[in-house]
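A.B. asks: A predicted structure for the sequence below; I have some questions about it.
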Amino acid sequence: MTEHIFNYMSNYGYEKVLLFQNEDVGLRAILAIHSTVLGPAAGGTRMWTYASDLDAIEDAMRLARGMTYKYAAAGVNLGGGKVVIIGDPKTQKSEMLFRALGRFINNLRGEYLTGEDVGTTLQDMDYIRMETPYVITLAQESGGAGPIGGATAFGVLQAMKACALETWGSPDLQGRKIVVQGLGAVGHPMAEYLVKENAHVTIADIDAARMAQVQQTFGVKTMDAREVFAADADIYCPCALGGVVNDETLDQFRVKIICGSANNQLRAEKHGDALKRRGILYAPDYIANAGGTVFDTDRLWGGVNAQRGMNKVAKIFERMRQVIEISKTQNIPTSLAADRIAEERIAQARAIKKIGGYNQGTLPTF
Ligand code: NAD
């Protein structure tokens, strides 16, 4: 992609890609803004070691586009953007590195809003916040919504219930055999929600100590993390890594539903089609896992209000039903149906923008 970067930008509708550098503090960062049609571009700051600068640019661009779709499909009035800092998050972080980034972000006057991502923490967000108000993800004591894993899990639960309704005629998860893979910020509360639903929960994590702790807390079964794909279960709930639906795992699945929080669950677009052909109902990742984002950004329109935020997250149930409906009527995989919802919303917002003026009612306040 990157040797033809301008072609790629026009093919996929990117607005801009910016490079930030400050040698004094060792900052090298890329900001990709995919779309500001629905509102300011928003998306986290990732810190990672990349094999090349072009790899970093490609990652920032891919992730920014993903954010556009996620917000659009969730009905949040934000566009998609992402910052990637090139560097090792274990050894190359400093207060001033993040403050330098904050200054660059501030100079954009709200065109881009940032947050936490792989390799960055709420502490890092506090540093950015020293230089700019344009930070979404913050600790509660810093004025933010705090940790969002629980809200993400609640959203996954809604999507799962919508899938259950379609598959078995009832959203009830009682007695359903569900395998939860990964017991981190999302998987842990996910297991708890499912136990409360009286589902038969089996957990798997490569971290044996974590798995033992969750097993003891909730009295659930455990399984070897390598066996989750072939598990004898009704629902597979991936809450660890991406790429779990691929050429190797496809023929192993015995479940009727795949619904979890992991990002980029389909290794390739074709795998969405393959699941459909096998009669497995797939909850598109960015539909099912939008809960944390919906909860986190809610405060931009009226301040932190946990109840209001969770009410918005609950709407993922209806959103998932809509995805299923489009998938059935248009005979396309659910993954594509989700894209259609997002693309249609963006196209309509673009159309009304032709009228001119400001979208005063939908702009977030800082
Ligand atoms: P986390 O790092 O807190 O937890 C991940 C867990 O998965 C860890 O316990 C880890 O040991 C385990 N794990 C890793 N590889 C595994 C494997 N092969 N088999 C079984 N377990 C394995 O991450 P998280 O914040 O809970 O996020 C989980 C997934 O959901 C990620 O893909 C993330 O991008 C996505 N996601 C998270 C949120 C959120 O609110 N945190 C929101 C949207 C999407």
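C.D. replies: Sure, I can see it.

A.B. asks: Tell me the residues of the stretch 151-300 of the chain that contact the ligand?
C.D. replies: 152, 181-187, 204-207, 210, 225, 239-242, 261-263, 289, 292 (CB under 6 Å from any ligand atom). (Each C-beta comes from the backbone N, C-alpha and C, glycine too.)

A.B. asks: ok, of those residues, which come out buried?
C.D. replies: 152, 181-183, 185-187, 204-205, 210, 225, 239-240, 261-263, 289, 292 (16 or more other CB atoms under 10 Å).

A.B. asks: Sort out for me which of the residues you listed are in helices.
C.D. replies: Among these, DSSP state H puts T152, G187, R210, G292 in helices.

A.B. asks: Let me have those residues in a markdown table, extended by pLDDT.
C.D. replies: Below are these laid out as a markdown table (pLDDT from 0 to 100):
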| residue | pLDDT |
| --- | --- |
| T152 | 97 |
| G187 | 97 |
| R210 | 96 |
| G292 | 96 |
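
A.B. asks: What is the nearest of those to N106?
C.D. replies: Distances from N106 to those, taken as CB to CB, are shortest for G292 (24.8 Å).

A.B. asks: With adjacent residues omitted, what lies nearest to I341?
C.D. replies: Setting aside the residues directly before and after it, I341 is nearest to A73 in space (CB to CB, 6 or more residues apart in numbering), at 5.0 Å.

A.B. asks: try A230
C.D. replies: Nearest non-adjacent residue to A230, counting by CB to CB, 6+ apart: Q252, 4.2 Å away.

A.B. asks: ok, now E197?
C.D. replies: In space, and not counting its chain neighbours, E197 is closest to L173: 4.2 Å by CB to CB, 6+ apart.

A.B. asks: Wasn't that neighbour part of a strand?
C.D. replies: No - according to DSSP: H, G, I helix; E, B strand; the rest coil, the state of L173 is coil, so it is not within a strand.

A.B. asks: That one - how many residues pack around it?
C.D. replies: If you count neighbours by other CB atoms under 10 Å, L173 ends up with 23.

A.B. asks: and the residue of the stretch 151-300 of the chain nearest the ligand?
C.D. replies: Of all residues in the stretch 151-300 of the chain, G184 sits closest to the ligand, at 1.8 Å by CB to the nearest ligand atom.

A.B. asks: give the contact list for that residue.
C.D. replies: By CB atoms under 8 Å, 6 or more residues apart in numbering, the contact set of G184 is G149, R210, C239, A240.

A.B. asks: my read: the third one touches S261, true?
C.D. replies: Yes - using CB atoms under 8 Å, C239 is in contact with S261, at 4.7 Å.
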